[in-house]
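[1] Need the 3D shape of this:
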Amino acid sequence: MSERPGKIHRSVSFYDARLRISTGVVEDYRPYLTIGTDSAEMTVSTTGGGPVTLADLELAERLVAAARDYRSKCRAAYTGALPA
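    The predicted structure is shown next:
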């Protein structure tokens, strides 16, 4: 899925705590992140399938921030600390 204006939006949702999450590097220079289940998979990699750009690094930093926020909200909900 691409974040380009004018493109059709497609949404992938996972509602399963048994997600597989993995990372790796293709061709010694293209990092990737894969999130999936037995029925669907989503992979994030570098812009245009090429070398890492500043935009790719910024995306990785947004992913880390979102994952931290998700963890914090899960912890709060699990401990009953989420506001009603």
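[2] Now the residue nearest the centre of the chain. Its backbone dihedrals?
    By C-alpha atoms, centre = their mean, the mean C-alpha position of the chain lies nearest to Leu63, the distance being 5.8 Å. Note on Leu63: backbone dihedrals following degrees, to the nearest 10 are phi -60, psi -40.
[3] tell me the contacts of it?
    Neighbouring residues of Leu63 by C-beta atoms under 8 Å, 6 or more residues apart in numbering: 33, 44. Where you see a C-beta, it was placed from the backbone N, CA and C, and this is true even at glycine.
[4] how close does it sit to Met42?
    Applying C-beta to C-beta, to the nearest Å, the value for Leu63 to Met42 is 12 Å.
[5] repeat for Ser72
    Per C-beta to C-beta, Ser72 is found 22 Å from Met42.
[6] how about Val12, secondary structure?
    coil (DSSP: H, G, I helix; E, B strand; the rest coil).
[7] what about it, neighbour count?
    10 (other C-beta atoms under 10 Å).
[8] Once you drop chain neighbours, what's closest to it?
    Nearest non-adjacent residue to Val12, counting by C-beta to C-beta, 6 or more residues apart in numbering: Met42, 5.1 Å away.
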